[in-house]
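Asker: Let's see this in three dimensions:
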Amino acid sequence: MSRHSHLPFDAVTVDRSLKVRLDRQLYEILRTYILEGRIGAGTSLPATRTLAQQLGVGRNTVVAAYDQLLAEGYVEAQSGSGTRVALLLHSPIRSAKEPAPADPPRLSRRGELMASRPQPPRSPGKLNLHPGFPESATFPFSTWARLLARNARRRGEDILAYQSFAGHWGLREAIAEYLAVARGVNCRPDQVIVVTGAQAALDLAARLLLDGGETVWLEEPGYLGARSALLGGGAELAPLRVHKGGWELGDPGLPPPRMIYVTPSCQWPLGTIMGMDDRLRLLAIAERHNAWIIEDDYDGEYRFRGKPVSALHGLDHTQRVIYVGTFGKTLFSSLRIGFLVAPPRLAPAFERAVSVTGQFAPLLLQATLADFIREGYFAKHLKRMRRLYVRRQTEFVKLCRRELSAWMDVSENDAGMQILGWLKPPLDDRAIASAALRHGVDVQPVSINYQCDAPRQGLLLGFAGLGDREMVRAVNGLRSAFQSFDPEKASLSADRRLDLSNGKKVALT
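Answerer: Numbering: from 1, shown residues only. Modelled structure (predicted):
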């Protein structure tokens, strides 16, 4: 039954100086009044002409606001009865005077774990020394754009409709062919599952292969992203300790594993390469315990002395190794295309799981990447980057040793896109990283990669994306960060200049 009352419409105003349309302003005001109970169910709203005259707006403005309220079910309109507030059984908005719920809904235990372990964030506008970021200034974007436009014009069904959630068939074929030649991974295209990056592959494998509480051996120190994905999958983590000499596979304190996560081609973060004896021993352990092995080959393509070491997957004759790769470190980070190679008996399950999780990359990008590989541009780009990165690593190590040796010891790596700088006591790597950020340099501390043992203090220094001048500026910023803790050491004169390998002179100021 309609009710008439003295309503607070005298307080309703609209502001013509705002960019929000007048009818939208009026709609928001009336909607809030209704949800907060200031206007009760059955109450008649003023006639559109009356309210328009009161507000000094056109009648169509009020009509538009009423129509939107009617469309969303806040009011009802009947011929001869005007417009009145509908009966809402549940109001999602509380009055400002009402107390908030005493016990708001919480995350699940697994959700709390996942939310508490994010990946280390990048800081925009800073010199990027984070590991794993490739050179982008010389990437052949003109070629990429041409291939992208060609596929967009083609508009084939393989691009416009998902024929397989496991990825574009052309890309899966191209990846399988490339892996056989470059990484010693023998697989069929239907074993390749394309996802939105290596992190998505780790998350998918953890959720698909682990039950809550099952044990996973994780390298110590080891990759923080893998730790987060495995914990999110419900794993109980056991530390598989790694040092420069290798992996402690004979550790008697390790419980039987359901899964083992390793980075054998370039251990994260130490840069150690797993020897053949350890590889064969690891495969035997997995077979003995009926366990899976996750091989994260995040930048195995970049080996600077000799040929790239073949993947562990190529030695696996019992189909226990799940190989994970990414194009984010070989092409450009925002591409967000990675993949895993599943054992033949698991490939259908992985494809069905991808359809549930939605971790599939856009088909247009997948088709373009397939062409980029098949037409030889990928191999050409990798060859150019290997030459560039070995020069950059040499120059960066030389520069760090020259300017930062008072605080940090660095050495060259045989592989990878980053080097390790071990800090001299009593320096704390998190404090140094924070100070570096204040001096314009974004760098990652090593200690975050330890879970069980007392962490060693160091910096992971990604050099791959730094040009000559950026390299000097980055070292400059690091030196300033160190000097903020120890200002008496290794100060440099303002006119000191550095010789770079390309013959340019760059001032260190």
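Asker: Can you tell me the SS state at the residue nearest to Trp407 when sequence neighbours are not counted?
Answerer: Distance criterion CB to CB, 6 or more residues apart in numbering; nearest residue to Trp407, sequence neighbours excluded, is Phe482 at 4.4 Å. For glycine as for every other residue, the C-beta is placed from the backbone atoms N, C-alpha and C. Secondary structure, DSSP: H, G, I helix; E, B strand; the rest coil: Phe482 is helix.
Asker: Repeat that for Val242.
Answerer: strand.
Asker: how about the residue nearest to it when sequence neighbours are not counted, secondary structure?
Answerer: Spatial nearest neighbour of Val242, excluding adjacent residues (CB to CB, 6+ apart): Glu219 at 5.1 Å. Of the three states, Glu219 takes strand under three-state DSSP.
Asker: quick one: Glu219 and Trp268 touch, right?
Answerer: Yes - with contacts counted by CB atoms under 8 Å, Glu219 reaches Trp268, the gap being 7.3 Å.
Asker: Which pLDDT value goes with the residue lying farthest from the centre of the chain?
Answerer: The C-alpha centroid of the chain is most remote from Gly80, which lies 59.0 Å away (CA atoms, centre = their mean). pLDDT for Gly80: 73.
Asker: how close does the residue nearest to Trp407 sit to Val75?
Answerer: Distance, Phe482 to Val75, using CB to CB, to the nearest Å: 66 Å.
Asker: pLDDT score for Lys380?
Answerer: 95.
Asker: Tell me how far it lies from Thr138.
Answerer: For Lys380, the distance to Thr138 - CB to CB - is 12 Å.
Asker: Could you chop this protein up by domain?
Answerer: Domain ranges of the chain: 8-85, 156-375, 380-507, per automatic domain parsing.
Asker: burial count for the closest residue to Ala347 other than its chain neighbours?
Answerer: Leaving aside its sequence neighbours, Ala347 sits nearest to Gln191 (CB to CB, 6+ apart; 4.9 Å). When neighbours are defined as other CB atoms under 10 Å, Gln191 has 26 of them.
Asker: Then the one 3 residues further on?
Answerer: A count of nearby residues for Val194, using other CB under 10 Å, gives 28.
Asker: related to what we said a few turns ago, in this structure the residue nearest to Ala347 contacts Arg345, no?
Answerer: No - contact criterion CB under 8 Å: Gln191 and Arg345 do not qualify, at 10.0 Å.
Asker: shaky segments in this protein?
Answerer: Within the chain, the ranges that satisfy pLDDT under 70 run 1-9, 89-104, 304-308, 487-509.
Asker: what's whichever helix in the chain runs longest packed up against?
Answerer: Across the chain, the longest stretch assigned as helix under DSSP state H is helix 377-404. Packing contacts for helix 377-404, counted by 3 or more CB pairs under 8 Å, 6 or more residues apart in numbering; DSSP states H and E, involve strand 408-410, strand 418-423, helix 468-485.
Asker: So for Leu148, which of those sits nearest?
Answerer: Closest approach to Leu148 among the helices and strands packed on helix 377-404 is made by helix 468-485 (27.7 Å; CB to CB).
Asker: just the angle between that closest one and strand 418-423, please?
Answerer: 20 degrees (axes from the mean of the first three to the mean of the last three CA atoms, to 10 degrees).
Asker: Run a quick neighbour tally on the nearest residue to Glu112 once chain neighbours are set aside.
Answerer: Among residues not flanking Glu112 along the chain, Arg106 sits closest, at 7.7 Å (CB to CB, 6+ apart). Per other CB under 10 Å, the neighbour tally for Arg106 reads 8.
Asker: Then the one 3 residues further on?
Answerer: Counted by other CB under 10 Å, the residues lying close to Arg109 total 10.
Asker: again, but for Trp169
Answerer: Residues near Trp169, counting by other CB under 10 Å: 18.
Asker: Please look at it and Gln163 and confirm they touch.
Answerer: Yes - contact criterion CB under 8 Å: Trp169 and Gln163 qualify, at 7.3 Å.
Asker: If I take the longest helix of the chain and strand 418-423, what angle do their directions form?
Answerer: Using the same axes, to 10 degrees, helix 377-404 lies at 20 degrees relative to strand 418-423.
Asker: picking that back up, who are the neighbours in contact with the residue nearest to Val242?
Answerer: Residues in contact with Glu219 (CB atoms under 8 Å, 6 or more residues apart in numbering) are 239-242, 247, 261-263, 267-268.
Asker: now swap in Gly197 and tell me
Answerer: Gly197 neighbours (CB under 8 Å, 6+ apart): 326, 328, 336-338.
Asker: Mind doing that once more with 6 Å?
Answerer: Residues in contact with Gly197, defined by CB atoms under 6 Å, 6 or more residues apart in numbering, are 326, 328, 336, 338.
Asker: beta partners for the first one?
Answerer: I take that to be Thr326. Beta-bridge partners of Thr326, counted by DSSP bridges, are Gly338.
Asker: Tell me where the stretch 101-250 of the chain has strands.
Answerer: 127-128, 192-195, 215-220, 236-243, 246-247 (DSSP state E, counting those that start in this stretch).
Asker: Can you add distance to Leu45 and give the ones you listed back as JSON lines?
Answerer: Compiled in JSON lines, the strands of the stretch 101-250 of the chain are given as follows (distance: least, CB to CB, whole Å):
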{"stretch": "strand 127-128", "distance to Leu45": "57"}
{"stretch": "strand 192-195", "distance to Leu45": "52"}
{"stretch": "strand 215-220", "distance to Leu45": "62"}
{"stretch": "strand 236-243", "distance to Leu45": "61"}
{"stretch": "strand 246-247", "distance to Leu45": "74"}
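Asker: Tell me which of those strands is the most buried.
Answerer: strand 192-195 (a mean of 28; mean count of other CB atoms under 10 Å).
Asker: How far does that strand sit from its chain's centre?
Answerer: For strand 192-195, the separation from the chain centroid amounts to 17 Å (computed by CA atoms, centre = their mean, to the nearest Å).
Asker: Am I right that Gly462 is in contact with His130?
Answerer: Yes - Gly462 lies in contact with His130 (CB atoms under 6 Å); the separation is 5.3 Å.
Asker: who's more crowded, these two?
Answerer: Comparing Gly462 with His130 by other CB under 10 Å, the one with more neighbours is Gly462, at 23 against 20.
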